[in-house]
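Q: Coordinates only, no sequence provided:
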């Protein structure tokens, strides 16, 4: 069987497609990553036995604890071509988020699927699986397993507190064949933007991603990135196309608002502000002569950066404003605007702090629901 994955401008999205699924036939990217140095050594004792270091023991304990909450996802889809109906299969990863069988994964794992099945860490397959909803803007989707089984949900962490150099662990269905593969590494960077070719003629832009060197392979899409407390801090979603040890993860905080809605009423609904913006970096600050080094610069090259009738417009935000806080969350590298908004639900009311003409101001915003 030939396996392929969608090729993106900076990265390769990680849902594995088999025999003609969504993706690009040419330019297949399934590259074995170079071995990294071991995080810890195993020291030989005088009697020839090996002693396991505490760091290795921590990774093993996390894998054992979280493994039952990580599932493999298989999909089937059909498409019409000039030669007739073409069938395809795909594979990815998901994490259990409730005892009654809600699962979170990447949107690109289940997009266009006509049939979805879930396989747990014991190898038990669940075929009565419904796609509850999708959020293409954040590349997440939610499934519901109908079963009498009581599942083991993951524990969510706080992605706004992660640090560069922090140790992390990834678990996923590597290459669509090796379920619950465990890898480890560190957080290599924060606030990374990625633009993707979704394989159907459209592009997909993700922002505020966490960069990690924990090995992520095709099939890992939708699997968790974990801290050393065994908490999910991100959803693995992409790998660099022409590099080793560069993977990208959606910060878990950016999914918490949608997740809360799914658990409350079984529906996917995303909080919406209604601005186009640039995340402020040193380069952006210099180019636009901005007075601050972090925040979200409300800007659009043509037309208004504030959508008419949006919560932002109703709150009086304007082109050229610099959003610096949502409630007490400062907007910066670790807390991009979209990630912070992702923590809220539609109809939530927040205080937005912004800079206009050198003055720091505040306004009240009530988020609406995003609609495509």
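A: Right, received. Where do you want to start? All of these numbers come straight from a predicted model, not from anything done at the bench.
Q: Quick one: distance of the helix or strand hosting residue 180 to the chain centre.
A: Secondary structure assignment for residue 180, by DSSP states H and E: strand 178-197. Centroid separation between strand 178-197 and its chain, computed with C-alpha atoms, centre = their mean, to the nearest Å, is 9 Å.
Q: can you check stretch 68-75 too?
A: Taking C-alpha atoms, centre = their mean, one finds the center of stretch 68-75 at 16 Å from the center of the full chain.
Q: Is the nearest residue to residue 256 once chain neighbours are set aside part of a helix or strand, or is it coil?
A: Using C-beta to C-beta, 6 or more residues apart in numbering and skipping residues adjacent in sequence, the residue nearest residue 256 is residue 343, 4.9 Å away. (Glycine included, C-beta is placed from N, CA and C.) Secondary structure assignment for residue 343 (DSSP: H, G, I helix; E, B strand; the rest coil): coil.
Q: residues touching residue 343, list them.
A: Residues near residue 343 by C-beta atoms under 8 Å, 6 or more residues apart in numbering: 253, 254, 256, 257, 329.
Q: at 6 Å what do you get?
A: Residue 343 sits next to 253, 256, 257 when contact means C-beta atoms under 6 Å, 6 or more residues apart in numbering.
Q: now swap in residue 207 and tell me
A: Listed by C-beta under 6 Å, 6+ apart, the contact set of residue 207 reads 193, 336, 338.
Q: Could you do residue 234 as well?
A: Listed by C-beta under 6 Å, 6+ apart, the contact set of residue 234 reads 210, 225, 249, 250, 251, 252.
Q: how about the helices of the stretch 201-350 of the chain, start to end?
A: Along the stretch 201-350 of the chain, the stretches classed as helices by DSSP state H, counting those that start in this stretch are 256-265, 282-287, 311-314, 337-341.
Q: deepest of those helices, which one?
A: helix 337-341 (a mean of 24; mean count of other C-beta atoms under 10 Å).
Q: Point out the other helices and strands that it packs with.
A: Helices and strands touching helix 337-341, by 3 or more C-beta pairs under 6 Å, 6 or more residues apart in numbering; DSSP states H and E, are strand 203-212.
Q: out of the contacts of residue 234, which is most surrounded?
A: residue 225 (32 neighbours; other C-beta atoms under 10 Å).
Q: Quickly list what that residue is bridged to.
A: Going by DSSP bridges, residue 225 is paired in beta bridges with residue 170, residue 234.
Q: Report the contact partners of the closest residue to residue 226 other than its chain neighbours.
A: For residue 226, ignoring the flanking residues on the chain, the nearest one in space by C-beta to C-beta, 6+ apart is residue 169 at 4.5 Å. Shown in contact with residue 169 (C-beta under 6 Å, 6+ apart): 59, 62, 184, 226.
Q: per-residue pLDDT, residue 169?
A: On pLDDT, residue 169 comes in at 96.
Q: Residue 113 versus that one, what's the distance?
A: From residue 169 over to residue 113 the distance is 28 Å, taken as C-beta to C-beta, to the nearest Å.
Q: Find the residue at the geometric middle of the protein.
A: Residue closest to the average C-alpha location in the chain (C-alpha atoms, centre = their mean): residue 250, at 2.6 Å.
Q: these two touch, right, that one and residue 233?
A: No: assessed by C-beta atoms under 6 Å, residue 250 is found out of contact with residue 233, at 10.0 Å.
Q: State the number of residues packed around residue 269.
A: 21.
Q: quick one: it and residue 327, what's the gap?
A: To residue 327, residue 269 is 20 Å away according to C-beta to C-beta.
Q: Next up, phi/psi of residue 62, please.
A: phi -70, psi -40 (degrees, to the nearest 10).
Q: Same check on residue 289?
A: The phi/psi pair for residue 289 (degrees, to the nearest 10) is phi 50, psi 50.
Q: I'd like to know how many residues surround it.
A: Residue 289: 6 surrounding residues under other C-beta under 10 Å.
Q: mind listing what it touches?
A: Contacts of residue 289 by C-beta under 6 Å, 6+ apart: none found.
Q: Ramachandran angles for the closest residue to residue 361 other than its chain neighbours?
A: Nearest non-adjacent residue to residue 361, counting by C-beta to C-beta, 6+ apart: residue 354, 5.9 Å away. Main-chain dihedrals, residue 354, degrees, to the nearest 10: phi -150, psi 160.
Q: Right, I'll call it a day here.
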